[in-house]
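Undergrad: The amino acid sequence is not available; the structure is as follows:
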Ligand code: SF4
Ligand code: SF4
């Protein structure tokens, strides 16, 4: 089957592309355009390249490079006045490219290894262990992913469980590198009265393969996640407004769950399940903010005295899920003094596995982001984020943490 047929009908692709009026407003917020000043390293240029492909013009390895260097940060979607759905256009471009321009073995191998490893949790775990032994022989871009996993030792929380059920997906990378994040959310939610069921073992939700343009691998992984959720989806359809909430603690994965709908738009067998998943998936911020008054009474502010708290809202959170400002708003409403960097809309360079594939650009964006957050130079500064990829990429000796782990750490057992 041809790539466009796999993704969507040709007329749909043309309709998506036709919404771009080539005004170029988006270039002003594109990190790769700002770094290079090159038209084809910006969204307008990339959309032009994809349009040209769809119209049947020749494509070259240079086109492939310009699409590969896109971070999929979706900043261009947020700044486009014409409502262009760049995320769908870049998917078309990558699927088209995959069949037209074969990659050399050196470029292909890491993509295949990464996307296949994500499909096998045990192989992934083994990969992390072996990687730790050979840490100093590997390129430096891999090192953030080779840290020892952090776990919390928690007393079992009193489980009142009067509120809705939360289906918490375990995640693939996170369960190996930072299981403490899910532990912290589970603990917080149970203290607030939710019944939490951890779903797994499921593979990667498909986000990594999707980022790499491996749409078939991504779809196979997404299908497994849907299957893991299916018994609860069926139960939920009987419960109406008491349907469970589906949640992941990584905003990149939460966005992927919501995007299953687009991935399976031409598959009638999957349509109802992915519609329900979209409807019932919430980012943890969207749930915790409903309890802000109750939580704010139970914060131990003494424990954070003297800390300079910065908020890093990942691209998947602010541009993908359209939740810009909500993490900052949550912490402000809980009584914390927090701020964002001046360039908070710009990507930190993590971009899924982008930092492994394009380490130079990723490193330069990382340094800019750390400076913007005040992590270089301002004393006692900690940045709170909502995505493990950004956290690992930006962190330097514990100065970037997941907001959930931070909040759980300052949440008091009893009322203050
Ligand atoms: S994507 Fe939007 S902002 Fe960018 S050139 Fe097209 S219409 Fe203009
Ligand atoms: S997704 Fe990000 S990197 Fe890619 S074109 Fe849009 S703004 Fe630029």
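TA: All right, it came through fine. Worth saying up front: this structure is predicted, and the values here are computed from it rather than measured. Ligands and ions are numbered 1, 2, ... in the order given.
Undergrad: For burial, what's the neighbour tally of the residue of the stretch 251-400 of the chain found nearest ligand 1?
TA: Nearest residue of the stretch 251-400 of the chain to ligand 1 (CB to the nearest ligand atom) works out as residue 319 at 13.0 Å. (Glycine included, C-beta is placed from N, CA and C.) By the measure other CB atoms under 10 Å, the count of residues near residue 319 is 25.
Undergrad: ok but it is inside a helix, no?
TA: Yes - under DSSP: H, G, I helix; E, B strand; the rest coil, residue 319 sits within a helix.
Undergrad: ok, it touching residue 79?
TA: No - assessed by CB atoms under 8 Å, residue 319 is found out of contact with residue 79, at 9.0 Å.
Undergrad: which residues touch the nearest residue to the residue of the stretch 251-400 of the chain closest to ligand 1 once chain neighbours are set aside?
TA: Using CB to CB, 6 or more residues apart in numbering and skipping the chain neighbours, the partner closest in space to residue 319 is residue 74 (3.8 Å). Contacts for residue 74 (CB atoms under 8 Å, 6 or more residues apart in numbering) come out as 86-87, 315-316, 319-320.
Undergrad: returning to that earlier point: quick one: contacts for the residue of the stretch 251-400 of the chain closest to ligand 1?
TA: Residue 319 makes contact with 73-75, 77-78, 345, according to CB under 8 Å, 6+ apart.
Undergrad: of these, closest to ligand 1?
TA: Nearest to ligand 1 among the contacts of residue 319, with distances taken as CB to the nearest ligand atom, is residue 77, at 8.0 Å.
Undergrad: Those residues of the protein touching ligand 2, which are they?
TA: With CB under 6 Å from any ligand atom as the criterion, the chain comes near ligand 2 at residues 30-32, 43, 46, 70-76, 86.
Undergrad: quick one: residue 393 and residue 350 touch, right?
TA: Yes - using CB under 8 Å, residue 393 makes contact with residue 350 at a distance of 3.7 Å.
Undergrad: the more surrounded of the two?
TA: Legend: neighbour count by other CB under 10 Å for residue 393 and residue 350, higher for residue 350 (29 against 25).
Undergrad: what's the spacing between the more buried one and residue 71?
TA: Distance, residue 350 to residue 71, using CB to CB, to the nearest Å: 9 Å.
Undergrad: Could you do residue 100 as well?
TA: 22 Å.
Undergrad: Who has more neighbours out of the two?
TA: residue 71 (24 against 14).
Undergrad: Just to be sure, the more buried one is in a helix?
TA: No - assessed with three-state DSSP, residue 71 is coil; it does not lie in a helix.
Undergrad: Contact partners for it?
TA: Contacts here follow CB under 8 Å, 6+ apart; on that basis residue 71 touches 31-32, 315, 347, 349, 351, 354, 365.
Undergrad: Select from those residues every entry located in helices.
TA: 31-32, 315, 354, 365 (DSSP state H).
Undergrad: Could you check how far residue 91 is from residue 259?
TA: 9 Å.
Undergrad: any common contacting residues for the two?
TA: Listed contacts common to residue 91 and residue 259 are residue 210; contacts here mean CB under 8 Å, 6+ apart.
Undergrad: Mind naming the longest helix for the protein?
TA: Looking across the chain with DSSP H, the single longest helix is helix 215-239.
Undergrad: Buried residues, that helix. List them.
TA: 215, 217-219, 221-226, 228-229, 232-233, 236 (16 or more other CB atoms under 10 Å).
Undergrad: do stretch 250-262 as well
TA: Neighbour-count burial for stretch 250-262, counted by 16+ other CB under 10 Å, picks out 250-261.
Undergrad: excluding its backbone neighbours, what's nearest the residue in the stretch 151-300 of the chain that ligand 2 sits nearest to?
TA: Nearest residue of the stretch 151-300 of the chain to ligand 2: residue 211, at 11.1 Å (CB to the nearest ligand atom). Of all residues not flanking residue 211 in the chain, residue 352 sits nearest, at 3.8 Å (CB to CB, 6+ apart).
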